[in-house]
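Participant: Quick one, structure for this:
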Amino acid sequence: MSAETLEPSVGPPGRGHALWVRVWHWCLAAIVLTLAYSGIIILMAHPRLYWGWSGNDLTRPLIELPLGPNYKHGGWRAPIAFFGDPSGPVTRDRTFEIFNQNGWARSLHFLLAWLLVTALAVFAALSVITGHLSRDLLPTGEELAPKAMWQDVRDHLALRIVPAEGGPPYGLLQKLAYLGVLLLAFPLMVLTGLSMSPAVAAAWPWLPALFGGMQSARTLHFVGLGLIVLFVTAHLLMVALSGLGRQIRAMTWGR
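Facilitator: Numbering: from 1, shown residues only. Model prediction:
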């Protein structure tokens, strides 16, 4: 399906991105990409997701991800019982060398997680103070009318993309995507990330309980990563279809 370019809509031209928006855009992009990379490295050490409070190599996973050398490993030696009762606990030895060289990724991930929280807090504060939130990100009542929403969905599905004007005003689906990431995906990642910390779980057990357990929080953390990757993919596609060079210049140097 080929993209159909539309003529710019009648109305005021794009105002361009404010300097602070451009700075925070690239800071958040660098932080999120590094978090995704380090998170995948961490996941490669144990690419199995569970639901509930506990999960390990000897429990059935909710899903096993095809990541790294620990996926579909060589297996286990015969189980060794702790006690004479055959139904009691057992231990098992691996028949393969486990990949677990991810200490650097955990340290980097933890450090950047706090940078992400700080960057999001500053972005939220500046969006409210400067009016960026109410002026550019919140949809209007007219945009939320069912007919207008359906028309915007149809235009995107048909790849009828309006050429970029180098900044606001944003389209309805664009606004909803930004708000979804800022108000849902990022908070989900932060809260589920904190829920996986043994220290946080010990101090605030209600937090991991909110998600159904520490392993459930880990699974939802991965779901949040998938949503952010989906957003970034769609975002880059829209940037390319609406004028890649113009969009990069606008987000880097201004209009």
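Participant: And the pLDDT for the closest residue to Tyr71 other than its chain neighbours?
Facilitator: Distances taken as CB to CB, 6 or more residues apart in numbering place Pro47 nearest to Tyr71, at 5.2 Å, with adjacent residues excluded. Every C-beta, even on glycine, is put in place using the N, C-alpha and C of the backbone. For Pro47, the model assigns a pLDDT of 91.
Participant: Isn't Pro47 up against Ile63?
Facilitator: No - with contact defined as CB atoms under 8 Å, Pro47 does not reach Ile63; the gap is 9.2 Å.
Participant: So between those two, which is more surrounded?
Facilitator: Pro47 (20 against 11; other CB atoms under 10 Å).
Participant: before we move on, the earlier item: wait, what's in contact with the residue nearest to Tyr71?
Facilitator: Glu64, Leu65, Pro66, Leu67, Gly68, Asn70, Tyr71 (CB atoms under 8 Å, 6 or more residues apart in numbering).
Participant: what would those look like in JSON lines with neighbour count, secondary structure and distance to Leu58?
Facilitator: Converted to JSON lines, the contacts of Pro47 look like this (neighbours: other CB atoms under 10 Å; DSSP: H, G, I helix; E, B strand; the rest coil; distance: CB to CB, whole Å):
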{"residue": "Glu64", "neighbour count": "14", "secondary structure": "strand", "distance to Leu58": "14"}
{"residue": "Leu65", "neighbour count": "16", "secondary structure": "coil", "distance to Leu58": "18"}
{"residue": "Pro66", "neighbour count": "7", "secondary structure": "coil", "distance to Leu58": "20"}
{"residue": "Leu67", "neighbour count": "15", "secondary structure": "coil", "distance to Leu58": "20"}
{"residue": "Gly68", "neighbour count": "16", "secondary structure": "coil", "distance to Leu58": "19"}
{"residue": "Asn70", "neighbour count": "21", "secondary structure": "coil", "distance to Leu58": "14"}
{"residue": "Tyr71", "neighbour count": "14", "secondary structure": "coil", "distance to Leu58": "17"}
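Participant: I'd like to know how many residues surround Val200.
Facilitator: 16.
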